[in-house]
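[1] I would like the atomic coordinates for the input below:
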Amino acid sequence: MKLDLGSLELGVATAATQIEGGNADTNWHRWAEAGGVKDGSTPARACDHWNRVDEDIALLKELGVRHYRMGLEWARIEPAPGVFDQDAIDHYRYEVKALREAGIAPLVTLHHFNNPGWVEEKGAWTDPKVIPVFLAYVRHVLNALSEWVDEWVTINEPNVYATQSYAFGEWPPGEKNLGHAMKVMSNLAQAHCRAYSLIHALQPCARVGVAHHLRVFDPANRHNPADSVGAKTMEYLFQTAVLEATCYGRFLPPLTRTPRIDGGNYFDFLGVNYYTRSWVKGTAQGTRPDSPVNDLGWEIYPDGLTQLLTSMYEKYPAPIYITENGTADRADAWRARYVYEHLAAAVESGAPVERYYHWCFTDNWEWIEGEVPRFGLVGLDYETGVRTVRPSGRFFADIGAQGGVTDEAYERWVAPAEYRQG
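    Here you go, the predicted model:
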């Protein structure tokens, strides 16, 4: 056996806005309609998963997937303040029940960058008044789905949402206000802590956590104090502060909390979304020169995952779910190598990694990048909706069936794959 996964179990991940299709009134549908997406596409088409649930569950089963991370579209469930759509709820009830009947355990994400339009109009996460609104939605979802769901991600990547939407202005609503970004991150962290308590009150056996976007921040020159200080500062502002808040209820500057949040444990697992590292030169970050990169120019750096898992478990001892890991590889030229090397990094870390969810199950609508990036183990023809399992998807299925990477699988799928150098 080239790589034995031991007790590590495999799954795949998706997000509602990125795969469902349809014209839900979300911040992202509005942003795309206003021309905010590079290729001019909108999430109205996406993968048409809303209408192809049975087809996709059958494909998951064919690939031997046992764990499926999925998201809910808040705007479908609550299209107007306090108005809950029973048809939407029934649809999600059908989906999670069908997953269970297929032998697939759902991990459900409650917020994945997606706000209803009416929430966006009220200032969304810049206003702490959104927190009780979110909690009412969470309560409604729990009452509807907890018969089949006992694992929840409250918030996906609060640091990415806050910075992309309110610091860099590249995502809706397109603000460039660092103060607002920190306020948003604070409110999302508070929402998680309160949702964590609410979910456990409603479903004591539940496992609840945040899917954190984490990366390694490496100084370009370790002997240059400006690079070292820059790397440490970026790491603290981007991920350390929000980790402390969402895991321990410890709100360190520049985050703020309300008296409603007490110190304690607010995580049953640590969700890790890992894609790349940041190479820091002073106050700027980028990609290390001459490194392998994916189609989006992100450095491919598996060793960073080992470093992260080791350091994160020391600070936040809990079971670890790699809630996202994958690469944009239109030609499917190196995805198998990427999967193998990141799984090996997870095993070699020695941390208690229980799950690995590959991003993504199928090609999906990738936010401001639109339909161009191809992250799927399953390829998608956007015009016809036809799904085609890629060779990397067959490799992934073989890993699950064998409990690891056999020598034969390595020689067939991994050995021939070569990364593209940046």
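[2] contact partners of stretch 411-422?
    287, 289-294, 297, 299-300, 333-337, 340, 391-392, 394-395, 398, 405 (CB atoms under 8 Å, 6 or more residues apart in numbering). (Each C-beta comes from the backbone N, C-alpha and C, glycine too.)
[3] can you pull out the helices in the stretch 301-422 of the chain?
    With helices called from DSSP state H, counting those that start in this stretch, the stretch 301-422 of the chain shows them at 303-315, 335-348, 391-402, 407-409.
[4] Tabulate the ones you listed (TSV), appending mean pLDDT.
    Formatted as TSV, the helices of the stretch 301-422 of the chain follow (pLDDT from 0 to 100):
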stretch	mean pLDDT
helix 303-315	97
helix 335-348	98
helix 391-402	98
helix 407-409	98
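[5] Looking at those helices, which is nearest to Ala189?
    Between Ala189 and the helices of the stretch 301-422 of the chain, the tightest spacing by CB to CB is seen for helix 303-315, at 16.1 Å.
[6] ok so, going back, just say which of the helices of the stretch 301-422 of the chain is most tucked in.
    Highest mean neighbour count of the helices of the stretch 301-422 of the chain: helix 335-348, a mean of 23 (counted as mean count of other CB atoms under 10 Å).
[7] Hmm, Gly385 is touching His49, no?
    No. Gly385 lies out of contact with His49 (CB atoms under 8 Å); the separation is 9.5 Å.
[8] neighbour count winner among these two?
    His49 (22 against 16; other CB atoms under 10 Å).
[9] And that one, how far from Glu78?
    Distance of His49 to Glu78, given as CB to CB, to the nearest Å: 20 Å.
[10] can you check Arg222 too?
    Taking CB to CB, one finds Arg222 at 49 Å from Glu78.
[11] where does Val108 land on pLDDT?
    Note on Val108: pLDDT of 99.
[12] How about Thr283?
    89.
[13] Same question for Pro259.
    So, for Pro259, pLDDT stands at 78.
[14] for this structure, what's the longest helix?
    Longest helix in the chain, counting residues (DSSP state H): helix 178-202.
[15] now the stretch 51-200 of the chain, which segments are flagged as low pLDDT?
    Within the stretch 51-200 of the chain, not a single segment meets pLDDT under 70.
[16] so where do the helices sit in it?
    Using DSSP H, counting those that start in this stretch, helices in the stretch 51-200 of the chain cover 53-62, 74-77, 86-101, 117-121, 130-145, 158-166, 178-202.
[17] now the shortest one, how far from the chain's geometric center?
    Taking the mean of its C-alpha atoms, helix 74-77 sits 19 Å from the chain's own mean (CA atoms, centre = their mean, to the nearest Å).
[18] elements contacting that helix?
    Identification of packing neighbours for helix 74-77 by 3 or more CB pairs under 8 Å, 6 or more residues apart in numbering; DSSP states H and E yields helix 86-101, helix 130-145.
[19] Quick check: which of those is buried the most?
    Most buried among the helices and strands packed on helix 74-77, counting by mean count of other CB under 10 Å: helix 130-145, with a mean of 18.
[20] got a list of contacts for that one?
    Against helix 130-145 from outside (CB under 8 Å, 6+ apart): 72, 74, 77-78, 81-82, 84, 89, 92-93, 96, 108, 110-111, 119, 122-124, 154, 187, 190-191, 194-195, 198-199, 202-203.
[21] For the stretch 151-300 of the chain, which segments count as strands?
    Ranges of strands in the stretch 151-300 of the chain, per DSSP state E, counting those that start in this stretch, are 151-156, 207-213, 216-219, 270-273, 277-281, 284-286, 292-293.
[22] May I see those strands organised as TSV, with mean neighbour count added?
    Compiled in TSV, these are given as follows (neighbours: other CB atoms under 10 Å):
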stretch	mean neighbour count
strand 151-156	25
strand 207-213	26
strand 216-219	20
strand 270-273	26
strand 277-281	21
strand 284-286	14
strand 292-293	20
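[23] Mean pLDDT lowest where, among the ones you listed?
    Across the strands of the stretch 151-300 of the chain, strand 284-286 has the smallest mean pLDDT, namely a mean of 90.
[24] for it, packing partners?
    Against strand 284-286 (3+ CB pairs under 8 Å, 6+ apart) you get helix 225-235, strand 277-281.
[25] Present the helices of the stretch 301-422 of the chain as CSV; the columns should include distance to Phe269.
    Below are the helices of the stretch 301-422 of the chain laid out as CSV (distance: least, CB to CB, whole Å):
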stretch, distance to Phe269
helix 303-315, 11
helix 335-348, 14
helix 391-402, 20
helix 407-409, 28
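[26] Ok, which of those comes nearest Trp279?
    Nearest to Trp279, of all the helices of the stretch 301-422 of the chain, is helix 303-315, at 10.9 Å by CB to CB.
[27] export that closest one as PDB, just CAs?
    Output of helix 303-315 as PDB, limited to C-alpha atoms (Å, rounded to 0.1, in the frame of the first residue of the first chain):
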ATOM      1  CA  ASP A 303       3.700  20.500   3.100                       C
ATOM      2  CA  GLY A 304       1.700  23.500   4.300                       C
ATOM      3  CA  LEU A 305      -1.200  21.200   5.300                       C
ATOM      4  CA  THR A 306       1.100  19.100   7.500                       C
ATOM      5  CA  GLN A 307       2.400  22.300   9.200                       C
ATOM      6  CA  LEU A 308      -1.100  23.700   9.700                       C
ATOM      7  CA  LEU A 309      -2.700  20.500  11.100                       C
ATOM      8  CA  THR A 310       0.200  20.000  13.500                       C
ATOM      9  CA  SER A 311       0.100  23.600  14.800                       C
ATOM     10  CA  MET A 312      -3.800  23.800  14.900                       C
ATOM     11  CA  TYR A 313      -4.200  20.600  16.900                       C
ATOM     12  CA  GLU A 314      -1.800  21.900  19.500                       C
ATOM     13  CA  LYS A 315      -3.900  25.100  19.900                       C
END
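[28] Cool, thanks, talk later.
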